[in-house]
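A.B. asks: I would like to see how this sequence folds:
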Amino acid sequence: MKNLLPLCVIFLGLSGAEAVRHSLQYFYTASSGIPSFPEFLTVGMVDGEPFSYYDCKIGKEIPKQDWMAKAEGPEYWDRQTQISIGAQQSFKNNIDVAKQRFNQTGGVHIFQWMYGCEWDEETGEGNGYQQYGYDGKDFIILDLQKETWVAPVQQAAITKNKWDSNKVEFTRYKSYVTQDCREWLKKYVNYGKSSLMRTDVPKVSLLQKTSSSPVSCHATGFYPNRAEMVWKKDGVEFHDGVHKGEILTNNDGTFQMTVNLDVSSVKPEDWDRYTCVFQLSGVNEDIVTRLNKADIETNERSSFYMIITVVVAAVVLLAAIAGIGFIIYKKMIGKRPPSPVPSEDRDIQEEMLSKA
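C.D. replies: Coordinates of the predicted model:
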């Protein structure tokens, strides 16, 4: 079961070294009680990358990837805009209905619809899904195997009974997520193949705030986000004292992740038994980084080098000033005082000095 998140959607990649599995997701989000946030927006995503976007403030569907803007013309975007505009009023009503069901009046509320499909490029297999959420929790979910709607909360029972009785609409939903969605997904993947199918290997570093802090194995700049990173001891993965962070997006569209290792109980002579292993989907070779104190970048070391740099710079500066002062002194004692600067030249000189 897939979770619906308020205000934002976070999709993490599949663990590394898997077959290439693609995904197409759409998110419709209606909100109330948030002045700075659009009351309605939609986002389309391929393989976790947004490729289309609409919100009620801009009033039109727009491409979020260059390859999508080039592949589809104005007719496509006009059609998508009309779909989003049509859904806007419907979702506003959905929030009002949900608030009544939960006996709510004011406050902040989020209503979401998520649907899409997945497709394995090697096996051809895939699946589809469709579900609704309210205030960050599942509200009603389509069960394709049992051909019914599931209501995780009592307030959705009325909707479930109504939708279960509409077999025509159920068949339409099922046909889309199992067939049509997959065909669109294949088309979008083909549009953005050069971007979506690329593999960018990350830079992996060992970081530590202080000598007593956990050691962070940090990988950044990788693509796609189907990646895994673990700590191993003697070649075997372990989890004691290990904390894994989420995969995060960089500003350039690549990804980063961090896995921390608590080294407080690790004996100095055992450090070389530990390795950080990064795996990226589509890349056969793992990136292995051995735990070595000499390779760790720390705040303490950075501060030390900064202090040394500042001291050296100060000494050089003082020496330069002393040298210049000596030269000026020698010239002053070897020549008579210069004649006064004419008044008009002095004004210019003072003006230039004031701008320096």
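
A.B. asks: OK, contacts around the spatially most central residue of the chain?
C.D. replies: For the chain, the residue nearest the mean C-alpha position is Thr249 (2.6 Å; CA atoms, centre = their mean). Shown in contact with Thr249 (CB atoms under 8 Å, 6 or more residues apart in numbering): Asn225, Phe255. No exception for glycine: its C-beta is placed from N, CA and C like everyone else's.

A.B. asks: next one: the one 4 residues further on
C.D. replies: Applying CB under 8 Å, 6+ apart, we find Gly253 in contact with Glu49, Tyr223.

A.B. asks: could you report the pLDDT at it?
C.D. replies: For Gly253, the model assigns a pLDDT of 82.

A.B. asks: now do the one 3 residues further on
C.D. replies: In this model, Gln256 is scored at 96, pLDDT.

A.B. asks: which stretch of helix or strand covers the nearest residue to it once chain neighbours are set aside?
C.D. replies: Nearest in space to Gln256, with sequence neighbours left out and distances taken as CB to CB, 6 or more residues apart in numbering, is Thr220 at 3.8 Å. Applying DSSP states H and E as the criterion places Thr220 in strand 215-222.

A.B. asks: what helices or strands is that strand leaning on?
C.D. replies: Judged by 3 or more CB pairs under 8 Å, 6 or more residues apart in numbering; DSSP states H and E, the packing partners of strand 215-222 are strand 203-208, strand 227-233, strand 255-261, strand 274-280.

A.B. asks: so Gly116 is in which element?
C.D. replies: Using DSSP H and E, Gly116 falls within strand 109-120.

A.B. asks: send the alpha carbons of that strand over as CSV?
C.D. replies: Provided in CSV are the C-alpha atoms of strand 109-120 (Å, rounded to 0.1, in the frame of the first residue of the first chain):
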residue,chain,number,x,y,z
HIS,A,109,-6.9,20.1,5.2
ILE,A,110,-5.4,18.2,2.3
PHE,A,111,-7.2,15.9,-0.2
GLN,A,112,-5.1,13.9,-2.6
TRP,A,113,-5.6,11.5,-5.5
MET,A,114,-2.7,9.4,-6.6
TYR,A,115,-2.8,7.0,-9.5
GLY,A,116,-0.3,5.4,-11.9
CYS,A,117,1.5,2.3,-13.0
GLU,A,118,4.9,0.6,-13.1
TRP,A,119,6.6,-1.3,-15.9
ASP,A,120,9.6,-3.6,-15.9
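
A.B. asks: would you mark the buried spots in that strand?
C.D. replies: Using 16 or more other CB atoms under 10 Å as the test for burial, strand 109-120 gives His109, Ile110, Phe111, Gln112, Trp113, Met114, Tyr115, Gly116, Cys117, Glu118, Trp119.

A.B. asks: please apply the same query to stretch 159-173.
C.D. replies: Thr159, Lys160, Trp163, Phe170, Tyr173.

A.B. asks: mind checking the end-to-end distance for that stretch?
C.D. replies: One end of stretch 159-173 to the other measures 15 Å (CA to CA, to the nearest Å).

A.B. asks: average pLDDT for it?
C.D. replies: Stretch 159-173 comes out at a mean pLDDT of 93.

A.B. asks: need the contact partners of that stretch.
C.D. replies: Gln130, Phe139, Ile140, Leu142, Glu147, Thr148, Trp149, Val150, Ala151.

A.B. asks: where does the closest residue to the last one other than its chain neighbours fall, secondary structure wise?
C.D. replies: Closest residue to Ala151 apart from its sequence neighbours, by CB to CB, 6+ apart: Lys160 at 4.1 Å. With elements delineated by DSSP H and E, Lys160 resides in helix 157-164, which encompasses its position.
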